[in-house]
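*Asks:* Predicted model and sequence below, questions to follow.
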Amino acid sequence: MKIYGRVTSSNVMKVLWAADELGLDYERIDAGMTFGVVDTAEYRAMNPNGRVPTLVEGDFVLWESNVIVRYLATKFGMGTLCPSELTNRADLERWMDWQQTTQNPAFTPVFWGLVRTPPEQRDQSAIDAAVKQSIAAMRILDARMEGRKWIGGEELTMADFPVGPNIHRFFNLPFERPDLPNLKRLYDRMCERPAYIKNIASIPIS
Ligand SMILES: N[C@@H](CCC(=O)N[C@@H](CS)C(=O)NCC(=O)O)C(=O)O
């Protein structure tokens, strides 16, 4: 199994975290930003978006990070990371899609503004507006976490991987945030896992 993608990408991080939790044997190949690769004809033939991550397993090629997480959890973690019962599974998939469609779009301008834009070029009012939206999104997850250890309940599941990288960034980037105690407990719990430390918490935010 090959996973293409630089370690600093949040979308790559979620896949690597899932792969390591499952104990999978894979080769990671640097691609994206300064590594290039994504604009080559060979890569575009695998992933026409020219984005990372891309998973290659024999003849099978897959892109879209959350779908890769779902695929790995379904194939190698059925009954653990992926529940076999349909309503439980749909409940988790809902949080995975929420990360892509609600949490991540709200947070991306915060990350790009504070990390990838030189201070003199920052649009502080756009960053402030995005911080507000990001906090509103994280309040929704904080409410979900009331009485739960993981997004799915008592155990780590596929629902936790997509938002894992952004939770780390949310708590570590320099902006003011309210107390979100349930979310903070989830973050602390994530930080106890070697695979999360290796792929997310120990990687400089850049
Ligand atoms: N929806 C896609 C988005 C992929 C994406 O935008 N990846 C970013 C990194 S987080 C990327 O490839 N950026 C360009 C690059 O690294 O060269 C997914 O979840 O896989």
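*Replies:* Alright, I've got the coordinates.

*Asks:* Residue 179 is in what secondary structure piece?
*Replies:* Take DSSP states H and E as the rule and residue 179 turns out to sit in neither a helix nor a strand.

*Asks:* any idea how far it lies from residue 47?
*Replies:* In this structure, residue 179 and residue 47 are 40 Å apart, going by C-beta to C-beta, to the nearest Å. Glycine gets a C-beta too; all of them are placed from N, C-alpha and C.

*Asks:* Between these two, tell me which one has more neighbours.
*Replies:* Relative neighbour count places residue 47 above the other of residue 179 and residue 47, with 20 against 8, counting by other C-beta atoms under 10 Å.

*Asks:* Centre of the chain to the helix or strand hosting residue 15, how far?
*Replies:* Residue 15 belongs to helix 10-21 when elements are defined using DSSP H and E. Centroid displacement of helix 10-21 relative to its chain, using C-alpha atoms, centre = their mean, to the nearest Å, is 7 Å.

*Asks:* Show me the protein divided up by domain.
*Replies:* Residue ranges for the structural domains of the chain, counted by automatic domain parsing, are given in the record as 2-76, 86-199.

*Asks:* C-terminal to the helix holding residue 15, what's the next element?
*Replies:* Counting by DSSP H and E, the element after helix 10-21 in chain order, helix or strand, is strand 27-29.

*Asks:* Output the contacting helices and strands for the helix holding residue 15.
*Replies:* Counting contacts by 3 or more C-beta pairs under 8 Å, 6 or more residues apart in numbering; DSSP states H and E, helix 10-21 is packed against strand 2-4, helix 65-76, helix 160-172, helix 194-196.
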